[in-house]
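Visitor: A predicted structure for the sequence below; I have some questions about it.
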Amino acid sequence: KQEVTQIPAALSVPEGENLVLNCSFTDSAIYNLQWFRQDPGKGLTSLLLIQSSQREQTSGRLNASLDKSSGRSTLYIAASQPGDSATYLCAVSFVNTGFQKLVFGTGTRLLVSP
Amino acid sequence: DTAVSQTPKYLVTQMGNDKSIKCEQNLGHDTMYWYKQDSKKFLKIMFSYNNKELIINETVPNRFSPKSPDKAHLNLHINSLELGDSAVYFCASRKSGAGNQETQYFGPGTRLLVL
């Protein structure tokens, strides 16, 4: 059974800190892995998509890495800001279930305090 | 311009009622999805349509019936609502044909509360 797990479930940091969110998945045969952001009461916004052939993707202060063999991905946020406060979701498309289907992790709730 | 829109945004109803949620996307995508996010914030796929054809149907009670009148719309009808149906329902869309390179775009969600 393909599963996605995220740790920690919640994280609180002061503004300016660099931080790492973790995602692990049970099957290394994947099409891609994506990181989303969800603000309270809102929908999901895609942050980064890493294809199975890639090792990392960067967008501004965000960097996501992918290690398929160990079934892990990390989302690195540099110089965190209060506006980064949100829930971050990791989602994986597994080969066995097709690239149309995303399996989501349980999310990491991030609070960045001024 | 709203890319993926859902109506209504909030829905409060009594147990046993039948209700519908509508979704529209103006991105020109040909694949649309319905997800359910429960009280623990866990997001799980329910259905997916590609070019108006059902391609993903997870283990969902048959009280839930999706309908896609065209590529830009995917509606969700729920019969005989139960307390456990209370959740946030998200619609999403994606452009197929790009394989594993394309992400999904999500609507703002419909918050359903069954009393």
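Guide: Great, that's in hand.

Visitor: when you work out contacts or count neighbours from here on, use the C-alpha atoms and nothing else.
Guide: Noted.

Visitor: from the chain's centroid, how far away is stretch A:14-25?
Guide: 9 Å (Cα atoms, centre = their mean, to the nearest Å).

Visitor: what about it, how long is it end to end?
Guide: End-to-end span of stretch A:14-25 (Cα to Cα, to the nearest Å): 29 Å.

Visitor: try stretch B:27-39
Guide: With Cα to Cα, one end of stretch B:27-39 sits 30 Å from the other.

Visitor: quick one: mean pLDDT for that stretch?
Guide: The average of the pLDDT scores along stretch B:27-39 is 92.

Visitor: okay, buried residues for that stretch please.
Guide: B:29-37 (16 or more other Cα atoms under 10 Å in any protein chain shown).

Visitor: kindly report the same for stretch B:9-21.
Guide: B:11, B:13, B:15, B:19, B:21.

Visitor: same question for stretch B:75-92.
Guide: B:75-76, B:78-79, B:81-82, B:85-92.

Visitor: likewise for stretch A:82-101?
Guide: For stretch A:82-101, by 16+ other Cα under 10 Å, it's A:84-95, A:99-101.

Visitor: and the furthest pair within the buried residues of stretch B:75-92?
Guide: Using Cα to Cα, the two most remote members of the buried residues of stretch B:75-92 are B:Glu82 and B:Ala92, lying 23.9 Å apart.

Visitor: if we ignore the residues flanking it in sequence, what's nearest residue 68?
Guide: Since no chain was named, I'll use chain A. Excluding the flanking residues, the one nearest A:Lys68 by Cα to Cα, 6 or more residues apart in numbering or on different chains is A:Ser28, at 5.1 Å.

Visitor: correction: the question concerned chain B.
Guide: B:Leu74 (4.5 Å).
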